[in-house]
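**Student:** With the input below, show me the fold.
(chains A and B)
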Amino acid sequence: MTNPEYELPATYTVGEVEAGPPCCEPVPHLSIANLSVAYGSTLVLDKVSLDIYQGCITALIGPSGCGKTSFLSALNRLTDLIPGAQVSGRIQFENSELLDPQLDVLALRRRIGMIFQKPNPFPLSIRRNLELPLREHGVRRRKVLEERIETVLRDVGLWDEVRDRLDKPALALSGGQQQRLCIARALVLEPSVLLMDEPCSALDPIASGVVEELIQRLRGRYTVVIVTHNLSQARRIANYAAFFWMQESVGKLIEFGHCQPLFEAPVDPLTLAYVSGLRG
Amino acid sequence: MADRAFTLAIWGAAALVASAFLWLLGDLVWHGMAHLSWSFLVSAPVSAGREGGIAPILVSTLLILAVALAAAIPLGLGAAVWLAEYTRRGDALGQGVRLSLDVLAGVPSIVFGLFGNAFFSVFLGLGFSILSGGLTLACMILPIFIRTSEAGISAVNDAWRHGAHALGMTRAAALWHILLPSAAPAIAAGLMLGIGRATAETAALIFTSGYVDRMPESLSDSGRALAVHIYELSMNVTGGDSAAYASALVLIVLIVAINAGALTLSDRWLARRITLS
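**Tutor:** Predicted structure coming up:
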């Protein structure tokens, strides 16, 4: 995994990655203003405003049911597919209004990839898993396909493990390998933002460690937004952290800032109680 | 002791059911084999079917079935996809369609026969023809085929749907590459139930495709299906019993062969498209 040959060029990273160092440029990549999400008449997320900075890892922490996943799904418009879901507010992303109904969502989802809690490789071969999204987005030349597949598999450190069995079923891989394949599948479309919904929570500690290390290596090249319930993980990998909490059964953003200060000297008493394990 | 009795009762029930089927099959083979020969399969019936063979009947049966499947498969798959993917849970229109399909699935075939006669033969002017019969059978197959396929598509892991959407794939691509192949076993099962029902159908065909036992020249000719032939021989033709047995045996073999074929095809398609562990 740590073979330096596969190390990604860390554009914004300075030196070794340590617990939440202020290492990336605070250039907003996604500017979220007054984002609210409701399912039918139930408001689940109320007026969240924050900037997601380019090349940084932003961790979303907070108890279950406080709207973190809804927030994440709004960022690549997966909320469009939930019957009755209403999203309001503004999200600016690469000079476009992300919530614009006229926006080409398929192209958007190519720019903003998503990794789910449970690894979900398609019931196809490893190769087809990576080929299918590329073909769907118009990449058809065999040579290009093969190059892209090898590149992303090297990026996620799977190449040496699967190079001899690319045509074997992806579902025969271990859980951790499946999750890395899913990350590769998102990377193959060359996105600029990766949304991760508790990507390690369904994995054993070792596989979880491998995926965590991989996420660290994505820093700088991709903007990562990760939901995690593992506070020490958030502390280890994130540059910024956002703390969500339920108030009157509606999810709210309580505190947002650099990861280290948020954990060590939170402003809000709720945050303090949560990060020190007193509540939630 | 009570447990032993229970085990015995369970085995007994299974044995009874199996033996009823085996007895029926044995009876068919016993009486049918004598009359069955290559020339029986390839020659036309003589003297109302007492003599000769079933060649035109076999051809009509296959044509009727082909028409039924050609109409039912695309329509059925479309409806199943709509129900499974395009209607929300609890959506009134979807629930209405489901309910009507479930009611239709239980409607006696004679009712379909009368409807087919009134609609395809008379109203659309198709007369007594293989086309009318096939389309009537399609109506009969559709409810069960749609509901089985819908269940299969709905049962496909939601994570794959979300994954496909998150990768910016179109709904059609997700359906074609992931959902339909994953649901193929259920779709094949629905199809086989339908084929079984259609091939064994008599009542719905008497009024639609008719009972002319000549070799059909086109789809607008009347044609006698095997099941109709068996009914005719055993009910209306004295001395036609052994020919009826032989025809029934052919019908059973035909259904088994078609089912095996459909299963192999769906398996092959599946193996090419989908690889589980």
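**Student:** can you list the residues of chain A near chain B?
**Tutor:** Within chain A, the positions near chain B by CB under 8 Å from any CB of the partner chain are A:76, A:78, A:81, A:83, A:105-110, A:113-114, A:116, A:118, A:120-125, A:132-133, A:136-137, A:168-172, A:182, A:185-186, A:189. Where C-beta positions appear, they are placed from N, C-alpha and C, glycine not excepted.
**Student:** Number of residues surrounding residue 207?
**Tutor:** No chain in the question, so chain A it is. For residue A:207, the neighbour count with other CB atoms under 10 Å in any protein chain shown is 19.
**Student:** oops, chain B please
**Tutor:** Counted with other CB under 10 Å, the neighbours of residue B:207 add up to 21.
**Student:** which residues touch it?
**Tutor:** Contact analysis of residue B:207 by CB atoms under 8 Å, 6 or more residues apart in numbering or on different chains lists B:113, B:114, B:116, B:117, B:121.
**Student:** distance of the fourth one from residue B:129?
**Tutor:** Separation of residue B:117 from residue B:129 (CB to CB, to the nearest Å) stands at 11 Å.
**Student:** helices and strands around the helix or strand residue B:69 falls within, which ones?
**Tutor:** Using DSSP states H and E, residue B:69 sits in helix B:55-81. Counting contacts by 3 or more CB pairs under 8 Å, 6 or more residues apart in numbering or on different chains; DSSP states H and E, helix B:55-81 is packed against helix B:38-42, helix B:130-154, helix B:180-199, helix B:226-235, helix B:241-273.
**Student:** Which of those sits closest to residue A:53?
**Tutor:** When the helices and strands packed on helix B:55-81 are compared by CB to CB, helix B:180-199 sits nearest residue A:53, at 39.4 Å.
**Student:** Give me every residue in the stretch 51-200 of chain B lying close to chain A.
**Tutor:** For the stretch 51-200 of chain B, the contact set with chain A under CB under 8 Å from any CB comprises B:88, B:157, B:159-160, B:162-170, B:173, B:177-178, B:181-182.
**Student:** Pull out the buried residues from the residues you listed.
**Tutor:** Buried members of these, counted by 16 or more other CB atoms under 10 Å in any protein chain shown: B:159-160, B:162-169, B:173, B:177-178, B:181-182.
**Student:** closest to residue B:65 among those residues?
**Tutor:** Of all those, residue B:65 sits closest to residue B:181, with 24.9 Å by CB to CB.
**Student:** Who are the contact partners of residue A:208?
**Tutor:** Counting by CB under 8 Å, 6+ apart, residue A:208 touches A:176, A:200.
**Student:** mean confidence for whichever strand or helix holds it?
**Tutor:** Residue A:208 belongs to helix A:205-218 when assigned by DSSP H and E. In this model, helix A:205-218 has an average pLDDT of 87.
**Student:** cool, and stretch B:208-225?
**Tutor:** For stretch B:208-225, mean pLDDT rounds to 84.
**Student:** Over to stretch B:98-105?
**Tutor:** The model assigns stretch B:98-105 a mean pLDDT of 92.
**Student:** Export the helix holding residue A:208 to PDB, keeping only CA atoms.
**Tutor:** What follows is helix A:205-218, C-alpha atoms only, in PDB (Å, rounded to 0.1, in the frame of the first residue of the first chain):
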ATOM      1  CA  PRO A 205     -10.200  -2.500  11.100                       C
ATOM      2  CA  ILE A 206      -7.300  -3.400   8.800                       C
ATOM      3  CA  ALA A 207      -9.300  -2.900   5.600                       C
ATOM      4  CA  SER A 208     -10.600   0.300   7.200                       C
ATOM      5  CA  GLY A 209      -7.000   1.500   7.800                       C
ATOM      6  CA  VAL A 210      -6.100   0.800   4.200                       C
ATOM      7  CA  VAL A 211      -9.000   2.800   2.800                       C
ATOM      8  CA  GLU A 212      -8.300   5.600   5.300                       C
ATOM      9  CA  GLU A 213      -4.700   5.800   4.100                       C
ATOM     10  CA  LEU A 214      -6.000   5.900   0.500                       C
ATOM     11  CA  ILE A 215      -8.300   8.800   1.400                       C
ATOM     12  CA  GLN A 216      -5.300  10.600   2.800                       C
ATOM     13  CA  ARG A 217      -3.500  10.200  -0.500                       C
ATOM     14  CA  LEU A 218      -6.400  11.700  -2.400                       C
END
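**Student:** Buried residues, it. List them.
**Tutor:** A:207, A:208, A:210, A:211, A:212, A:214, A:215, A:216, A:217, A:218.
**Student:** Stretch B:144-156 too?
**Tutor:** Result for stretch B:144-156 [16+ other CB under 10 Å]: buried residues B:144, B:145, B:146, B:147, B:148, B:149, B:150, B:151, B:152, B:153, B:154, B:156.
**Student:** which of the residues in the helix or strand bottoming out on mean pLDDT in chain A are buried?
**Tutor:** Using mean pLDDT, DSSP states H and E, helix A:259-264 stands out as the lowest-scoring helix or strand of chain A, at a mean of 83. Neighbour counts using 16+ other CB under 10 Å place A:259, A:260, A:262, A:263 of helix A:259-264 among the buried residues.
**Student:** picking that back up, shared neighbours of residue B:117 and residue B:129, which are they?
**Tutor:** By the contact definition CB under 8 Å, 6+ apart, residue B:117 and residue B:129 are jointly contacted by residue B:208.
**Student:** Compare those two (neighbour count), which wins?
**Tutor:** The residue with more neighbours, out of residue B:117 and residue B:129, is residue B:129; 25 against 20, by other CB under 10 Å.
**Student:** Cross-check the contact I'm expecting between that one and residue B:224.
**Tutor:** No - using CB atoms under 8 Å, residue B:129 is not in contact with residue B:224; the gap is 12.0 Å.
**Student:** shared neighbours of these two, which are they?
**Tutor:** Common contacts of residue B:129 and residue B:224 (CB under 8 Å, 6+ apart): B:209, B:210.
**Student:** How about the contacts made by the closest residue in space to residue B:84 that isn't next to it in sequence?
**Tutor:** Closest residue to residue B:84 apart from its sequence neighbours, by CB to CB, 6 or more residues apart in numbering or on different chains: residue B:153 at 3.9 Å. Residue B:153 sits next to B:80, B:81, B:84, B:85, B:179, B:180, B:183, B:186 when contact means CB under 8 Å, 6+ apart.
**Student:** Next, give me the two most distant ones among the residues you listed.
**Tutor:** Of all pairs in the contacts of residue B:153, the most separated under CB to CB is B:85 and B:186 at 14.3 Å.
**Student:** Comparing those two, which residue is more hemmed in?
**Tutor:** residue B:186 (20 against 16).
**Student:** Give me the secondary structure label for residue A:113.
**Tutor:** Applying DSSP: H, G, I helix; E, B strand; the rest coil to residue A:113 yields a three-state assignment of strand.
**Student:** Surely it is in contact with residue A:194?
**Tutor:** Yes - using CB under 8 Å, residue A:113 is in contact with residue A:194, at 5.1 Å.
**Student:** tell me, what's touching these two both at once?
**Tutor:** With CB under 8 Å, 6+ apart as the test, residue A:113 and residue A:194 both reach A:186, A:187.
**Student:** Comparing these two, which residue is more hemmed in?
**Tutor:** Each of residue A:113 and residue A:194 has its neighbours counted (other CB under 10 Å); residue A:113 has more, 26 against 23.
**Student:** For residue B:183, grab the count of nearby residues.
**Tutor:** By other CB under 10 Å, neighbour count at residue B:183 equals 27.
**Student:** Now it: closest residue in space, sequence neighbours ignored.
**Tutor:** residue B:152 (3.7 Å).
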